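>>> I would like to see how this sequence folds:
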Amino acid sequence: MTTSADAPSETDRSLPPLLSPRDESRLHLADTALHTAHSATNLVPVDPDAPAGALLSQALLLAQAASTAVAAAVIAERERGTTWEELATAAGTTKQSAHQRWNQAVKSWSSLGRSAAMGTENYSASNLARSLDGAFARIDPDGRTDAVSAGLDAVRHPHSTQAQEARRARARELHTRRKDLERDVTRNKEHWIKKPANRLEHLKRAATSTAAADLYEQLAAVYDALVTAEPELADEHRENADQRRSWAEINRKDTEYRLEDAATAPPAPAKWADGDVPSALSQPLPGSGWHPMDDAPRVLALEEDSES
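Sure thing, here's the model as predicted:
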């Protein structure tokens, strides 16, 4: 067994529960690599009486594990600052192909907090690092007993932990805001009227489009802030910001069209029968500051005047 003379032993280390995104990505990759190694071990045909198809099933599981490991490697590369151009060169493909193949994995990693926890309760980076150290030591008995944790920034540069945590805290705030806005976007879509049938429905559709545009512009601003909070993933955040601005512009145009169409649309029913009032009229539209029933009496009054 060989160890570095100046490297602290495992018992001397005290890692915080959550590490920097760069360190977390290394733990995620190490954990995924270990799972792939287990899948490869299971493929060894030691059972002569295995049922038909068992070998293929194990091989397919290994292929899936390997694909997951590749995605984890891309995530770890992005967290250490590797560009998409450099990833494309390593993969022997184009930047566009590399981006299309793995960008969703990077986005998912970001949305889950950039942590090896990946939604796991009672997660501890220290416990995971210790477990991985032990697992890899069993695979390579002649290697060092701290092969995984020794390469972590929290071990190599312990004084950087505080600064990393401050940046991560800012990113957490922004991602909380992002999730709130995305929830509001989903709720706003519940009021969407695909084919307005009368003047009032055109007005309701215009209000919904306006609310959507406002929400998308706020989301774009959040992604702009994430460029600074998470510079390693700046490309992804800029892409998301541009996309949300594009969607905001589409909704602004839709608002204009609906207001124009409302002027020539057929009138709404003069009276609402029981059960005829759309559910969308029962509550204000998120982000718009406008309640559909605020305009309903005015629109109905105009229609009654026109009929008389």
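
>>> quick one: low-confidence parts of the stretch 151-300 of the chain?
Applying pLDDT under 70 to the stretch 151-300 of the chain flags residues 160-163, 269-300.

>>> one more time with 80
Residues of the stretch 151-300 of the chain meeting the criterion pLDDT under 80: 157-167, 268-300.

>>> Helices of this protein, start to end?
Assigned by DSSP state H, the helices in the chain fall at 21-43, 54-79, 84-91, 95-111, 125-139, 153-156, 161-189, 199-229, 234-264, 292-307.

>>> closest to residue 119 out of the ones you listed?
Among the helices of the chain, helix 95-111 comes nearest to residue 119, with 10.6 Å by Cβ to Cβ. Placement of C-beta: from N, CA and C, glycine included.

>>> Show me what that closest one is packed up against.
For helix 95-111, the packing partners by 3 or more Cβ pairs under 8 Å, 6 or more residues apart in numbering; DSSP states H and E come out as helix 54-79, helix 84-91, helix 234-264.

>>> any idea how far residue 69 lies from residue 28?
10 Å (Cβ to Cβ, to the nearest Å).

>>> Check residue 173 too.
From residue 173 across to residue 28, the span is 23 Å (Cβ to Cβ).

>>> Between these two, tell me which one has more neighbours.
Shown here are residue 173 and residue 28; by other Cβ atoms under 10 Å, residue 28 has more neighbours (24 against 13).

>>> Could you list the low-pLDDT ranges of the stretch 1-150 of the chain?
Residues of the stretch 1-150 of the chain meeting the criterion pLDDT under 80: 1-16, 118-119, 121.

>>> Would you mind giving the helices and strands packed on helix 95-111 as TSV with distance to residue 23 added?
Shown next, in TSV, are those (distance: least, Cβ to Cβ, whole Å):
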stretch	distance to residue 23
helix 54-79	9
helix 84-91	20
helix 234-264	19
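
>>> Can you lay out those helices as a markdown table showing mean neighbour count?
Shown next, in a markdown table, are those (neighbours: other Cβ atoms under 10 Å):
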| stretch | mean neighbour count |
| --- | --- |
| helix 54-79 | 18 |
| helix 84-91 | 15 |
| helix 234-264 | 16 |
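
>>> closest one to residue 112 among the ones you listed?
So among the helices and strands packed on helix 95-111, helix 54-79 is nearest, using Cβ to Cβ, at 10.7 Å.
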